[in-house]
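Student: Sequence plus the predicted model coming up.
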Amino acid sequence: MIITQKKPMEELMAMVGDAKTVAIVGCNSCATACHTGGEPEVAALAKALEEAGKKVVGTTIADYCCMNLGVKGKMKPLVAAKPDCVICMSCGDGVQCVAKNAPGIPTYPSNNTMYLGEAVRFGVWEEACHFCGDCVLGQTGGICPVTQCAKSLVNGPCGGQKNGKCEVNPENDCAWIKIYKRLEEIGQLDKLGHTREDKGYAKFSYPRTISLKGKK
């Protein structure tokens, strides 16, 4: 799940600026689960904007703001209403998808996109994946050192742990102690001796595209 947090209202109003009419797009997927872009949040933002003197000319909620075909249909009536701007209550990918389908209309994010998270319990998410594009989970017992280690070390601990806790954030367990214990548990301690390439951006050319058809 993509985890998002609401931007402060004053920051959002600064982006909207002098726009008099506004359209709002919510997301029925991750943002709904995070309470940052579902029906209640769209309604609350519309009310806040109206109270601030803006006219909300339309609202909609896409099933997934990151899916272009669904967004295209949802955006047609909003674009027809000719708002001065669109506010998208989704992750950054959803904002970009909505913007593509709002030609000539400024599109602004109401949320900050944080990370791909794991639901620990209702309303609580922990960062699980950093989208590095070079997954090492098969070598580290299914525990991601890029996200779990404060320094994103991929070849073992830094040596700064104390009583099993991270020196950067003492509230967190040392990721590499967790990895050691997991590899020991599954009988793969030999993998600790394997050298992994340090993370970097040299091997990727951004933006990346993946197609099941093999072509863009």
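Tutor: Perfect, I can see it now.
Student: Could I get the buried residue list for stretch 45-62?
Tutor: Within stretch 45-62, the residues that count as buried by 16 or more other Cβ atoms under 10 Å are 45, 46, 49, 54, 56, 57, 58, 59, 60, 61, 62. Where you see a C-beta, it was placed from the backbone N, CA and C, and this is true even at glycine.
Student: Check the secondary structure at the residue nearest to the second one when sequence neighbours are not counted for me.
Tutor: Closest residue in space to residue 46, ignoring its immediate chain neighbours: residue 56 at 4.6 Å, by Cβ to Cβ, 6 or more residues apart in numbering. Of the three states, residue 56 takes strand under DSSP: H, G, I helix; E, B strand; the rest coil.
Student: Tell me who's in contact with residue 56.
Tutor: If you count contacts by Cβ atoms under 8 Å, 6 or more residues apart in numbering, residue 56 has them with 21, 22, 23, 24, 46, 49, 50.
Student: What's the separation between it and residue 83?
Tutor: Here residue 56 is placed at a distance of 8 Å from residue 83 (Cβ to Cβ, to the nearest Å).
Student: thinking again about what came up before, next step: the contacts of residue 56 restricted to strands.
Tutor: 21, 22, 23, 24 (DSSP state E).
Student: contact partners of the lengthiest strand in the chain?
Tutor: If you go by DSSP E, the chain has its longest strand at strand 111-121. Contact partners of strand 111-121, identified using Cβ under 8 Å, 6+ apart, comprise 1-7, 31, 33, 36-37, 89-93, 125-131, 147.
Student: give me that answer again for 6 Å
Tutor: With contacts defined as Cβ atoms under 6 Å, 6 or more residues apart in numbering, strand 111-121 is touched by 1, 3-7, 36, 91-92, 125-129.
Student: May I have the strands that pair with the helix or strand following it, each with its orientation?
Tutor: With elements assigned by DSSP states H and E, the helix or strand that comes after strand 111-121 is strand 124-129. Here strand 124-129 has these sheet partners by DSSP bridges: strand 111-121 (antiparallel).
Student: can you dump the C-alpha coordinates of the strand it pairs with into CSV?
Tutor: What follows is strand 111-121 as a C-alpha-only set of coordinates in CSV (Å, rounded to 0.1, in the frame of the first residue of the first chain):
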residue,chain,number,x,y,z
ASN,A,111,-0.9,14.7,0.1
ASN,A,112,2.7,13.9,0.7
THR,A,113,3.7,10.4,-0.6
MET,A,114,5.7,8.7,2.0
TYR,A,115,6.5,5.0,1.1
LEU,A,116,5.2,1.6,0.3
GLY,A,117,4.0,0.4,3.7
GLU,A,118,2.9,-2.7,5.5
ALA,A,119,-0.3,-2.6,7.6
VAL,A,120,0.9,-3.5,11.1
ARG,A,121,-2.6,-2.9,12.6
